[in-house]
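Novice: based on what follows, work out the 3D shape:
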Amino acid sequence: MTELDGNPVDPASLERLALVGYGHFTSMRVDDGRVRGLALHLRRLVRDCRTVFTAELDPELVRERVRRAVRGRAGSFVVRVTVFDPGLDLARPADNGRPGILVTTRGVGSAPPPPLRVRPVRYERDLPLVKHVGLFGALHARRRAQLAGADDALFHDAAGLVSEGPTWNVGFILDGQVVWPDAAVLPGVTMALLRDSGHDHVTAPVTVEQALAAEAAFAANTAVGARAISGIADTGLATDHPLLRELQRSYLSIEGDVL
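Specialist: Have a look, this model is predicted:
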């Protein structure tokens, strides 16, 4: 299913998105018509639209477009809302345009995904506070990690400070508390929901060495919640830590908002 501004999308519009690659998005998991953190997803789209297009986005219009696109669909799946301008001129991106709302869906596995083994890769995203469509660098880092035998990449900067993964935030359990890296990262919706779950959370710089010494670690994103990380490079991590299991239970207990 693909709709642009409430209508079937035409190939020319998708061609502009593919060839120019300028826009922003959010992905949200829908379970029986409900979305955890729906207001946070909508707030992200409004905020990023101001940054990317200097334009105001109506969150209720976005909600209506998503409702229309998924009407009658049951079960669990992921909806991606991409905001881009089908008429954007590559030579004049500063010209006033009209951002459109593209809604697409994809399936999601019914079983919990297995733990991840990650590999530290030096990489810093462009405009990290915005969930933009420029994924080349992040996916190239993921490819490098996978070619080295891992499942995914764990980003760090030149100073060895950990930030995030290609499509997820990362949390560590250190000294019995949840530690989120103090770095330029995408403010994830799942991360925000987990932080509000009532556990002891702090934000602090985390070096690669500290990450290797963590009691446990997890990847956080909308499709999987808190996914255990089983190892970083050649160092194994516990995937059944009691605090990690409690975080996973807390996340699953969050009632989603009705679309």
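
Novice: who touches the closest residue to residue 42 other than its chain neighbours in this structure?
Specialist: Nearest non-adjacent residue to residue 42, counting by C-beta to C-beta, 6 or more residues apart in numbering: residue 59, 4.0 Å away. C-beta here means a position set from N, CA and C on the backbone, and glycine is covered the same way. Residue 59 sits next to 42-43, 45-46 when contact means C-beta atoms under 8 Å, 6 or more residues apart in numbering.

Novice: for the residues you listed, give me CSV that also has distance to residue 83.
Specialist: Listed next are the contacts of residue 59 as CSV, based on distance: C-beta to C-beta, whole Å:
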residue, distance to residue 83
42, 12
43, 13
45, 6
46, 10
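
Novice: among those residues, who's most crowded?
Specialist: Highest neighbour count within the contacts of residue 59, by other C-beta atoms under 10 Å: residue 42, with 22 neighbours.

Novice: in the strand or helix carrying that residue, what's buried?
Specialist: Residue 42 belongs to helix 38-53 when assigned by DSSP states H and E. Judged by neighbour count using 16 or more other C-beta atoms under 10 Å, the buried positions of helix 38-53 are 38, 40-42, 44-45, 47-49, 52-53.

Novice: show me the two of those that sit farthest apart.
Specialist: 38 and 53 (22.0 Å; C-beta to C-beta).

Novice: before we move on, back to that, which of the buried residues of helix 38-53 lies closest to residue 130?
Specialist: Proximity of the buried residues of helix 38-53 to residue 130 (C-beta to C-beta) peaks at residue 48, which lies at 4.9 Å.

Novice: and the gap between residue 133 and residue 196?
Specialist: Distance from residue 133 to residue 196, counting by C-beta to C-beta, to the nearest Å: 28 Å.

Novice: who has more neighbours out of the two?
Specialist: Using other C-beta under 10 Å, the more surrounded residue of residue 133 and residue 196 is residue 133, with 18 against 12.

Novice: now the more buried one: how far from residue 41?
Specialist: Distance from residue 133 to residue 41, counting by C-beta to C-beta: 16 Å.

Novice: likewise residue 77?
Specialist: 15 Å.

Novice: please apply the same query to residue 161.
Specialist: The gap separating residue 161 from residue 41 is 28 Å, by C-beta to C-beta.

Novice: and for residue 173?
Specialist: 27 Å.

Novice: how about the helices in the stretch 101-250 of the chain?
Specialist: Using DSSP state H, counting those that start in this stretch, the helices assigned to the stretch 101-250 of the chain run over residues 136-147, 189-195, 208-212, 242-253.

Novice: give me whichever of the ones you listed is most buried.
Specialist: Burial of the helices of the stretch 101-250 of the chain is given as mean neighbour count (mean count of other C-beta atoms under 10 Å); helix 189-195 ranks first at a mean of 21.
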